[in-house]
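Peer 1: could you look at this predicted model? Sequence included:
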Amino acid sequence: MKTDPKGVLVGSHYLSGNHACAEGALSAGCRFLSVYPIMPALEVSERFLARAKEVGATFIQMEDEISTLAAVLGASWTGKKSMTVTSGPGLSLMMENLGLGVMLETPCVIVDIQSVGPGLGLPNRPSQGDMMQARWGSHGDYEIIALAPSSPQEMFDFTIKAFNLSEHYRVPVAVMSDEYVAHLKEKVVIPPANKIEIEPRRYYEGPKDSYLPFKRDEDLVPRMVDIGEGYKFHVTGLTHDDRGYPIMNEECQEYNVHPLVWKIRNYVDNIIEVQEVHVEDAEVIIISYGATSRAALKAMEQARNSGIKVGSLKLDTVWPFPEKRVAELAKKVKAFAVPEMNFGQIVLEVERCSYGNANVFFVHHGEKGVENTDNILSAVKQAAQQNSVKDGIIECE
Amino acid sequence: MNLWRKPLDLQDIKVARGEIHIIKDLCKGCGFCVEYCPKDVLEISEEFNTKGYHPPYIKNPDECVECHLCEMLCPEFAIYVTLKEDNNVVKSASEEGGQ
Amino acid sequence: METLKTKKMKEVHPMEDVLRMNRIPHIWCPGCGIGLAVTAFAAALEKAKIDLNKVAIVSGIGCTGRVAGYIKLDSFHTTHGRAIAFATGIKVANPDLKVVVFSGDGDLISIGGNHFIHAARRNIDMLVVCVNNFIYAMTGGQVAPTTPLAAYATTCPFGSVEPPINIPYLADSSGAVYVARWTTLHIRRLTNSFIEALDKKGFSVVEVISPCPQYYSRINRLGDGLDMMKFYHDNTEIRHGEDTKNLDIGFQGKIIMGKFIDRERPSYTERFD
């Protein structure tokens, strides 16, 4: 399905990541935004609001981030594509309703502009400290999808992709950006509406009285209807059966919750996207995502110039994690270098998925500036010299 | 002492008659309907329902005036009243209006 | 007397149009008043002149949180305290819908207190039914923000030391356009209040004082549901238009009921357009 041209600001623009995100949302057909003011994410809502009237979108500023995501879930059930934007502390507050969104299988997009934590942290500096929280933050077993854009253009593209994935798999999708990308201004090309593919909502089409809100299709995703259409359905955040009625026993827990996981895990090959550069002959591969991959690519070029065979694996999709690809590469290379703007989150996944076949070097990135490649280069050099596989993650200075 | 004035058109007035339906298996025996029936139509029975509660039974079926109070005061949706089509029973005002 | 077996299958409750009869019997204890609040609400839905296809009901967590599951509307059982926030999203995204939030005092006033205040301030067009049983019943009788001073609960074995909140006063000062309070005994007035509030544009609050025989009454030795209903009969007073400041409820004290606020204010969606 092609998108509605009303929201698409066709042309080549000079936009910040946040503004590109708002444009991406409008292009994807997002017509409901609910926010609570937080730096450095608020430009998204400002841009969205400035354009809301002309595209017929609705906006509400709620009293906190808890209610923000609750409102997004409610709005999504009325048939409007819905989104919220936040930063670290806000994401923490949203975890409760993220779980509800997973349980009610409600399509929605959460854009997280990561800033430095913990606690109040450094609200105006970039970080990648929420990556594990996005995956595991809410209690219980679930899978979500998280994308990591590295430029304003990707903020635009990934926001659209996030809406498409959330509609297809009926799961909240997180766009894990950071302060650096959010405030970075670059050229963003917005294609015409007939070039933007969007995923339509998976509506139930059948007799009204036989609608079951959680009866799953073959790919384990149930069909939705809108509020106010006369279906009179019930959905609950408790463990429920196909009718959406709570059933309090272990069999139903298995019946209800296992598909929440499998509807993602069975289709990881369709979901996961990575960008690979020079991996064919690489001895060392830099695995990066988000803003860090800008420095990673630069470091790769510099290392290649000095004769080290380095490749780059950029994770566009961070969750679900591209396990298979990392495991394949681990057999071929000496080492992975994983630069992150945190104390080691995705590196844990890389280490797990290399199954002892390659060394894993963790690079604490960002202290000298996001674009600075010194730390990555020294890690790559160290990795290239190492000839035996060591246990665990190797920390680099 | 009866303080109620006798209406002049008493002969023309027909008092509605209701038929009470009890869904015994839904009853949890709270006794609200029995207590608040203005005509004392209902009483708790000795019998048990499938959940082990004592549902009410209709003691004076002819007394029901279809006020629906038992229906409204049942927290279990276990009792309801329908209008009796046969509307022959008319009583005098003194019998009818007495509290 | 007819026997159960012959009668059972034929019985069709007249409220089955608005109730999910296949879910009933419900989970509430014998003598609990939540069923009465639902009866009154179901009766109001039948009597109010609204398109039931366009009504959504949202509940939070707790005993009253289960209400959404028993009412045959588009119904949502959401996270603890977030029912109003969820309903706000529904109403703002589709202003054609009528939204009802049906939840308990702990859910709406304690964990969801902030959402309650701000939805009232924004005047989101919704009906909030707050069933007040003075205690957290589903978790086993803990002290609630509405527990009267000196009343017992499992988490205040020497009597509550926290002054309770006055829900109509909170709603009034936050900007609600319709505020009423009834007990479950005053079922017809409660039904009429629901009908009025469903017609009303704006944030309407109806507080329903309800017996909790299993926890509040048992811990405080107040008898069963029927005893509480008799207490409501003897200790309530109807004062329409009473200043909401005077509506505190003391332990076994007089309960003042009535319609306190009925005013006009433009709702959020009206202002947004």
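Peer 2: Thanks, I have the structure now.
Peer 1: all helices for chain C, in order.
Peer 2: Assigned by DSSP state H, the helices in chain C fall at C:4-8, C:34-47, C:83-93, C:105, C:113-122, C:167-174, C:187-199, C:216-219, C:225-234, C:268-272.
Peer 1: out of those, which gets nearest to residue A:81?
Peer 2: With C-beta to C-beta as the criterion, residue A:81 lies closest to helix C:83-93 of the helices of chain C, at 10.0 Å. Yep, even glycine has a C-beta here, placed from its N, CA and C like the rest.
Peer 1: report the contact partners of the residue positioned nearest the centre of chain B.
Peer 2: In chain B, the residue lying closest to the centroid (C-alpha atoms, centre = their mean) is residue B:64, at 3.9 Å. By C-beta atoms under 8 Å, 6 or more residues apart in numbering or on different chains, the contact list for residue B:64 reads B:17, B:18, B:19, B:20, B:39, B:41, B:58, B:81, B:84.
Peer 1: out of those residues, which is nearest to residue C:102?
Peer 2: Of all those, the one with the least separation from residue C:102 (C-beta to C-beta) is residue B:81, at 25.4 Å.
Peer 1: out of the helices of chain C, nearest to residue A:254?
Peer 2: If we rank these by C-beta to C-beta, the stretch that ends up nearest is helix C:83-93, at 27.1 Å.
Peer 1: how distant is the closest one from the center of its chain?
Peer 2: Chain-centre distance of helix C:83-93: 18 Å, with C-alpha atoms, centre = their mean, to the nearest Å.
Peer 1: can you give me the strands in the stretch 251-397 of chain A?
Peer 2: For the stretch 251-397 of chain A, applying DSSP state E, counting those that start in this stretch gives strands covering A:274-277, A:284-288, A:310-315, A:317-319, A:335-340, A:359-364, A:393-396.
Peer 1: direction included, what does the third one pair against?
Peer 2: Using DSSP bridges, the strands paired with strand A:310-315 in its sheet are strand A:274-277 (antiparallel), strand A:284-288 (parallel).
Peer 1: show me the shaky parts of the stretch 1-150 of chain C.
Peer 2: The model of the stretch 1-150 of chain C has pLDDT under 70 over residues C:1-11.
Peer 1: which residue would be the closest one in it to chain B?
Peer 2: Nearest to chain B, among the residues of the stretch 1-150 of chain C, is residue C:35, at 2.6 Å (C-beta to the nearest C-beta).
Peer 1: skip the chain neighbours and tell me the closest residue to that residue.
Peer 2: Excluding the flanking residues, the one nearest residue C:35 by C-beta to C-beta, 6 or more residues apart in numbering or on different chains is residue B:75, at 2.6 Å.
Peer 1: give me every residue that touches the one you found.
Peer 2: B:28, B:30, B:32, C:28, C:31-36, C:38-39, C:184, C:225.
Peer 1: neighbour-wise, which of these leads?
Peer 2: Per-residue neighbour counts (other C-beta atoms under 10 Å in any protein chain shown) across these peak at residue C:33, which has 31 neighbours.
Peer 1: that one reaches residue C:184, doesn't it?
Peer 2: Yes. Assessed by C-beta atoms under 8 Å, residue C:33 is found in contact with residue C:184 at 3.7 Å.
Peer 1: out of the helices of chain C, which one sits most buried?
Peer 2: Counting by mean count of other C-beta atoms under 10 Å in any protein chain shown, helix C:83-93 has the highest mean neighbour count of the helices of chain C, with a mean of 31.
Peer 1: alpha carbons of it, as PDB, please.
Peer 2: Extracted in PDB, the C-alpha atoms of helix C:83-93 (Å, rounded to 0.1, in the frame of the first residue of the first chain):
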ATOM      1  CA  ALA C  83      -7.400   3.500  32.600                       C
ATOM      2  CA  ILE C  84      -8.000   7.300  32.400                       C
ATOM      3  CA  ALA C  85      -4.800   7.800  30.400                       C
ATOM      4  CA  PHE C  86      -5.700   5.000  28.000                       C
ATOM      5  CA  ALA C  87      -9.200   6.400  27.700                       C
ATOM      6  CA  THR C  88      -7.800   9.800  27.000                       C
ATOM      7  CA  GLY C  89      -6.000   8.400  24.000                       C
ATOM      8  CA  ILE C  90      -9.100   6.800  22.700                       C
ATOM      9  CA  LYS C  91     -11.200  10.000  23.100                       C
ATOM     10  CA  VAL C  92      -8.700  12.300  21.700                       C
ATOM     11  CA  ALA C  93      -7.900  10.100  18.700                       C
END
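Peer 1: what's the next secondary structure element after the longest strand along chain A?
Peer 2: Criterion DSSP state E: the longest strand present in chain A is strand A:108-116. Next in sequence after strand A:108-116, counting helices and strands by DSSP states H and E, comes strand A:122-126.
Peer 1: what comes up buried for that following strand?
Peer 2: By neighbour count on 16 or more other C-beta atoms under 10 Å in any protein chain shown, the buried set for strand A:122-126 is A:123, A:125, A:126.
Peer 1: residues in contact with the closest residue to the second one other than its chain neighbours?
Peer 2: Counting by C-beta to C-beta, 6+ apart, the nearest residue to residue A:125 once its immediate chain neighbours are dropped is residue A:116, at 4.8 Å. In this structure, residue A:116 makes contact with A:88, A:122, A:123, A:125, A:126, A:127, A:129, judged by C-beta under 8 Å, 6+ apart.
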